[in-house]
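K.L.:
Give me a model of this one.
(5 chains)
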Amino acid sequence: MIIAEQKPIEEILEMLAPHKKILLAGCGACVTVCQAGGEKEVGVLASQIRVARQEAGNPIEIIETTLTRQCEPEFMDEAKDLMNDVEAVLSIACGIGVQLMAQTFYDKPAYPGLNTSFLGFPEEHGVFTERCAACGNCVLHLTGGICPIARCSKSLLNGPCGGSQDGKCEISKDVDCAWQLIYDRLKALGKLENLAEIIPPKKWITSRDGGPRKIVREDLRI
Amino acid sequence: MAGIACAGELTQAGITVTLLEKEPVIGGWAADYCCKATDQCNRCFVCVADKEREGVRLSDAVTLLTNHQVREVEKNGSGYRLRVENKVEGVEKEVRADAVVLATGFKPFDATQKGELGYGRYADVLTGLDLERMLRNQGSARKPSDGQVPNKIAFIQCVGSRDESIGHLYCSKACCAYALRMARVIRSQNPGSEIFFYYMDIQPAGRLFDETLKACEEDPNFHFIRAIPSKIYRYYQKPGLMMRSLEAESGTIEEKFFDLIVLSIGMEPNPENEGLWEKAGLKPGREGFVDPATCKDGIFVAGTVSGPKDIERSIMNAKQAALSVLRYLEGQS
Amino acid sequence: MVSKNPKIVAFCCEESGMPAYEHAVSLGLDLPDGLKVVALPCGGKAETGYLMKALDEGADAVMVFACYEGNCKYVRGNIRAEKRVNYLRERLEKIGLSPEKIVFCPVAPASGQRFAELVQREVDTLLGA
Amino acid sequence: MSGQQAVLRIPAGTSELKEVSIQPSVIVAGDHPAGLLMAEHLADLGVAVTLMVPFPTLEEVVAPYRVIASADESVAGLLQEVAERVSQHAGITRVTQADLVDISGWWGDFSVQARIGEDLKTFHTSGIAMAYRGNPVDLPGIPVQEGVLPFTDFLSGINLQTGALAGKAESPKQVVFLLDAGERDEKWASVAAIRVGVFLKRKFGTQVFILCRELKVSVDEMEQDYRAARESGIIVFKYRQTPRVEKGSGGLRVVFEDAAAISSHGPSEITLDALDVVVAQERLGLSEDRAEVLRKLRIPLEDGVAGPNNPQFTGRTPKKGVVVAGDAWFPEYPTDAAMTALSAAQELYKWVGKGTYQVDAYRVAEVDPSKCATCLTCFRICPHDSIRVERYGERNVYITQGAKEGATWEAARVKIETCDGCGLCASECPAKAIQLIYYPDMEVLDFLAKNL
Amino acid sequence: MKSGSNLEKVFEKGVFAVTAELGPPKGNDVKVVMEKAKHLKGMVDAVNVTDNQTAIVRMSSIATSKLILDMGLEPVMQMTCRDRNRIGIQSDIFGATALGIKNCLCLSGDHQRFGNEIDSKNVYDLDSIQLLSVLKGIRDEGKTLGGDEVEGDVKLFLGAAANPFGDPFEFRAIRLAKKVKAGADFIQTQCIYDMDRFREWMKMVRDLGLHERTHIMGGVMPLKSGGMARYMQKNVPGITIPDEIVKRMVAAPKGKGAAEGIKICIETIEQLKEIEGVDGVHIMALEWEHRVPEIVEEAGLLPRPS
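P.N.:
Residues are numbered from 1 along each chain as shown, chains lettered A, B, ... in the order given. Next up is the predicted model:
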């Protein structure tokens, strides 16, 4: 799922400095699951901003709402009438939500409350790690189900590099070396010979490097 | 408080219970114990005892008869007849029951019996029970003589326990635990304090006791001395109380001066109830407490009446007694 | 600034905070009038939302009274509460408020003395700060 | 001054009682004799007991305690006939060579998978008691070497007639019981050492030494047994640093510093030589698959001891309907372990014995399925494991337009029977989808708004 | 001959080759390059020119290589995959070979977190093995990765790095095989302190017959002080320094640390000479280029074949 975390509160306050009345919009989907932008966070963040502005002697009025999802145009209607009497919206959805807000309510600024970070999952409750870089051309079948693009700091396809030691990546002790994991996994599957083959250079065109992507499913279009 | 725990268990299992208490208020000695938490919970179970007591006191399923002293327990057909004296009205009553649980508890050792330790003669010699009450109600340890905060405190263990001279050939099991924990409370309330702990063998008390013991050992102001002091005097020229003891460590006789001395008193069988359980056919064990093996059909014992226990063991013993009562009543019906 | 009689909201766990409050009252210890006591079934029910809402509504300080670690009837309620308090204290510092406005206080049921002491210490910090 | 504060108490009074009928049935599993006692007591109370022991016969549950029983008649009285009584008991179905592998479900409706011999069988029951014996993990502080045995192996290894250990002709001449090297909370080893020591001395004339940091006598009648042991010639030493155990001339050698010696006479190092056996106090732990079963039930496991080390859980675990006894709760001397086990049996009887229970459907939490993002926070945080994700919600954050009528979606659901109403899930839920029915957020927020 | 470079000739002659390393300046101060090159002239067969080593911004390796080429030294241009994508790499190779550079060492390159531009975006379009196969394609088939004809004739002596001390150890030799298959003509290993592990690695390399299909040079790095030894042991991933070497360095009296470091370095070189399959030594003495002559002298590696 999409993993995001809240922006430092000072940055948010800086963004909202010119405004007196704003809408704070949460989202009920991914950012709720990773506890960054759900209804609970809306309440907590709203109180924090109000208290901070109160302390600074420049009170602000915040209308709180949580949309079912901020990545469906239809659900934007839930915020339509609230948007009428606010100056701007602070959306604590992922980057997609903020942009749909900006696109739907074209005349009012839409500020991001979160830093959308990566596609990943909670290793344990409260610890999120990256698993997929959305490169558009999956190689997991070659590496025993462990992605070198997302989990190797250098996205090597013929790793591990010289800096891999004790199963950890050269950049930091709490980053596992993806290729050590791949090696262990293929060894367990008895498919070590896969590693002897040279994986040719990757076709990066399907990834972000190929430009913003679009998937069209004619069969679905209504 | 084992009786209270047992009453609680039986009501939850659907049995109607009558609780007879000779004092005006239920709770027994446990009602005076203080919470022994420092910056963390030291698992003294006092709060669990408080909760059990409040649970029973406020529950409408238990008929509470305070100020009622049981005089006699007699078999009466398949059940029992108890002769109970209402101490306030001086009237005698009869209470019938299918089963009886004797949870008359223990009698704290009367420290004046050890005259040489000066309890009763010097105000600053307290028993463990006095310190418990002081910490519970006043919140901090003070010298009774002048209300000052004591800095040098001695704890003397096994007062009235493991003592052949008074025929108490048993360990009271709870004193090491309560003494160490209260010493830690004093240490955490008054960082300047110094504790001298006179003991024979430190007895563990349930799980995670090692944490408390290690904390004491690592505390520089905590001195463990393997010796039992012989005499306590006041020298008029010198402040505080002088305590003389033969210290195994140095092999010399030491005289040390303390602001406060706490005697960790043990438990002994309650003589008042001797007549009560003898008539009911129960016999004392090797240690003088009621021998649970001699309980037969319909009469059970719970808590310290059958031997010294700390609060955790008393509660467990009460639950075991409740199970035996339920099993007995199931057999009856 | 903080008035003479600061408004303090005390979220008290039913297992330890409330009995400690009642014990303090029964001992006749003096507690400030501005103290608002909110009973909760467990320390763990003191949500981040409640704590921030209290400050938002104008409380000068928020105190969470829960059980000591390893003594919680619901295993981890007190640990969760402490983590939330620490999280908010960090956030408060960043928005220019003193982190002393939110404080986590472990208490035991029969420690009325400690309850009153902790409240008084908080009042002194507020008036002193 | 005090007592005039504005106080918001938890709303009491209203309750919505619901009758829950539970079939009084229990599975008692494990290899600790306390399990037999629990099974017997519960069966006498009319509960349908299924007793699972990992051995072919019940005797083998009591067998490891034969030596202690012959040395201490209170243990003998406890264990001797229980195996016999339980094997005849009409109310107990006995399943031998069985070990629990997987448990799921709730109080009153557990499904238990047990490996019996080779195959797996599923049982349904209302409550579970696990009475496990710990197996020796290691000998803290003592290097493993020939002649050094953990208590468990020594006690089950002695031949009662000859006093000899397995593979030896006659009984050992000199035995050292080395206590407290690791665990100081536990006193079972001290008690066993003294009582078995007297037995060995009386029956086989073995010279017994007991080395300890603190001699544990806080068990009934232990002080008198300790004095009897000393009078019968058993020598007791107290040490400070963990003694050195090494190969000596003609057997093992133990070197230590006598804590009780008068230090003014210089270092007081004592050497015991030509020892046949050194019995050291081992650390006990749970086997991996038993630990796995406990983990699945969300019962915390701290260094081999189950159940949170928390005074609120005397004799019970946070998982309603499951109790733990024996070494898995806390390694104790058999008589103490019996009391702990029976207090756990009482807890279990309270939940399972009566058949019909009143559950308050008002004093619990409730999930609004349309807001639930199935993020599993509530499932992970609930101390009683009372929340699961099920398919019952009509609306869900993830539906797209055009979903067919009557479709249902996954959402968290509270099991009313085992919810204790603590509110942890409600406070953690990121979607504010869970409320305590008896104490919704509005009550608190309104009180704050009014009083601040 | 693949490139006609001096290094290739030395290998052809079967002489024990010697290369050193030169770190370009953090700017365009040509004097620094001249200074360092002066010490190395005539002492070694070729000089590695690092490519923004440890991701620290320095003068480009092509420019520095050209500078020392004009001074009569033979450069081994290092090429990392961190800073250029396949377009940049191939065009730089064309430029370099056009300027007369004949040796190229293909590296993955240190992650930018180690350097002085941690916020930069890395590339890693290719990895070191893919880089080797691309350059081999250009040299042998005259075709770029995309398949276009190369206008001109690219002569290159391709090298790669190998780390016998990285994990998983048993995979290291197999990975070397991949590099050789991809076209590595010579190999320079990570600096060697743990001789036993290096011997074990060499045995695995010999078992795969790789020592006949490529020239392996053992890497050595003289330690400057006890502190440096301890620091590298703990903090530098991919390098293992046995405790006795750290002890020797720490035990060296004040001011004598450097001498002890060089002594150890020379001992290592002596041992490398005897190991079957090791065709040369690569002396990594960055910022210590002035001590290289002394090392080469004492290790009996002079005079160099002209």
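K.L.:
contacting residues around D:L424?
P.N.:
Each residue near D:L424 by C-beta atoms under 8 Å, 6 or more residues apart in numbering or on different chains is listed here: C:42, C:44-45, C:74, C:76-77, C:80, D:381-383. C-beta: built from backbone N, CA, C; applies to glycine.
K.L.:
Select only the buried ones of those residues in ChimeraX?
P.N.:
Buried residues among the contacts of D:L424 (16 or more other C-beta atoms under 10 Å in any protein chain shown), as a ChimeraX selection:
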select /C:42,44,45,74,76,77,80 /D:381,382,383
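K.L.:
ok, the contacts of D:L424 vs chain A, which is closest?
P.N.:
In terms of C-beta to the nearest C-beta, no member of those lies closer to chain A than D:I381, at 7.9 Å.
K.L.:
List the contacts of A:Q6.
P.N.:
Counting by C-beta under 8 Å, 6+ apart, A:Q6 touches A:12, A:36-37, A:41, A:45, A:92, A:113-115.
K.L.:
Let's see that with 10 Å instead.
P.N.:
Neighbouring residues of A:Q6 by C-beta atoms under 10 Å, 6 or more residues apart in numbering or on different chains: A:12, A:31, A:35-37, A:41, A:44-45, A:48, A:92, A:113-115, C:91.
K.L.:
Now render those residues as JSON lines, adding distance to chain D, secondary structure and neighbour count.
P.N.:
Formatted as JSON lines, the entries for those read as follows, by distance: C-beta to the nearest C-beta, whole Å; DSSP: H, G, I helix; E, B strand; the rest coil; neighbours: other C-beta atoms under 10 Å in any protein chain shown:
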{"residue": "A:I12", "distance to chain D": "19", "secondary structure": "helix", "neighbour count": "22"}
{"residue": "A:V31", "distance to chain D": "8", "secondary structure": "helix", "neighbour count": "32"}
{"residue": "A:Q35", "distance to chain D": "5", "secondary structure": "coil", "neighbour count": "22"}
{"residue": "A:A36", "distance to chain D": "8", "secondary structure": "coil", "neighbour count": "28"}
{"residue": "A:G37", "distance to chain D": "8", "secondary structure": "coil", "neighbour count": "33"}
{"residue": "A:E41", "distance to chain D": "7", "secondary structure": "helix", "neighbour count": "26"}
{"residue": "A:V44", "distance to chain D": "10", "secondary structure": "helix", "neighbour count": "23"}
{"residue": "A:L45", "distance to chain D": "12", "secondary structure": "helix", "neighbour count": "27"}
{"residue": "A:Q48", "distance to chain D": "16", "secondary structure": "helix", "neighbour count": "24"}
{"residue": "A:I92", "distance to chain D": "11", "secondary structure": "coil", "neighbour count": "28"}
{"residue": "A:G113", "distance to chain D": "14", "secondary structure": "coil", "neighbour count": "29"}
{"residue": "A:L114", "distance to chain D": "13", "secondary structure": "strand", "neighbour count": "27"}
{"residue": "A:N115", "distance to chain D": "17", "secondary structure": "strand", "neighbour count": "14"}
{"residue": "C:R91", "distance to chain D": "17", "secondary structure": "helix", "neighbour count": "22"}
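K.L.:
Kindly reformat the residues you listed as TSV and extend each row with distance to chain E and pLDDT.
P.N.:
Formatted as TSV, the entries for the contacts of A:Q6 read as follows, by distance: C-beta to the nearest C-beta, whole Å; pLDDT from 0 to 100:
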residue	distance to chain E	pLDDT
A:I12	22	96
A:V31	26	94
A:Q35	28	93
A:A36	23	95
A:G37	26	94
A:E41	28	95
A:V44	31	95
A:L45	27	96
A:Q48	28	95
A:I92	25	96
A:G113	23	96
A:L114	20	96
A:N115	15	96
C:R91	26	92
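K.L.:
closest point of the stretch 1-150 of chain D to chain A, which residue?
P.N.:
Residue nearest to chain A within the stretch 1-150 of chain D (C-beta to the nearest C-beta): D:L8, separated by 18.7 Å.
K.L.:
if I pick that residue, what's in contact with it?
P.N.:
Contacts of D:L8 (C-beta under 10 Å, 6+ apart): C:9, C:11-12, C:36-40, D:439, D:443-444, D:446-448, D:450-451.
K.L.:
Looking at those residues, spot the one nearest chain A.
P.N.:
Here the nearest of the contacts of D:L8 to chain A, counting by C-beta to the nearest C-beta, is D:L448; it sits at 10.8 Å.
K.L.:
Quick one: low-confidence residue ranges for chain E.
P.N.:
Counting by pLDDT under 70, chain E contains no low-confidence residues.
K.L.:
so what's the residue of the stretch 351-452 of chain D found nearest chain B up against?
P.N.:
Shortest the stretch 351-452 of chain D-to-chain B distance, computed as C-beta to the nearest C-beta: residue-wise this is D:K354, at 6.0 Å. By C-beta under 10 Å, 6+ apart, the residues touching D:K354 are B:12-14, D:21-22, D:24, D:45, D:47.
K.L.:
And those, which is closest to D:R290?
P.N.:
Nearest to D:R290, judged by C-beta to C-beta, of these is D:V47 at 23.2 Å.
K.L.:
pretty sure that closest one contacts B:L323?
P.N.:
No - the pair D:V47 / B:L323 is not scored as a contact, 11.4 Å apart, by C-beta atoms under 10 Å.
K.L.:
Which neighbours do the two have in common?
P.N.:
Both D:V47 and B:L323 are in contact with D:41, D:345, D:348-349, D:353, where contact means C-beta under 10 Å, 6+ apart.
K.L.:
Filter these down to the ones in helices?
P.N.:
D:41, D:345, D:348-349 (DSSP state H).
K.L.:
Widest-spaced pair of these?
P.N.:
Checked with C-beta to C-beta, those reach their widest spread between D:H41 and D:L348, with 9.8 Å between them.
K.L.:
Compare these two and say which is more crowded by neighbours.
P.N.:
D:L348 (26 against 22; other C-beta atoms under 10 Å in any protein chain shown).
K.L.:
okay, now the domains of chain A?
P.N.:
Chain A is divided into the following domains under automatic domain parsing: A:2-118, A:135-210.
K.L.:
Can you tell me which of these is packed in deepest?
P.N.:
Here the criterion is mean neighbour count by mean count of other C-beta atoms under 10 Å in any protein chain shown, and of those the winner is domain A:2-118, at a mean of 20.
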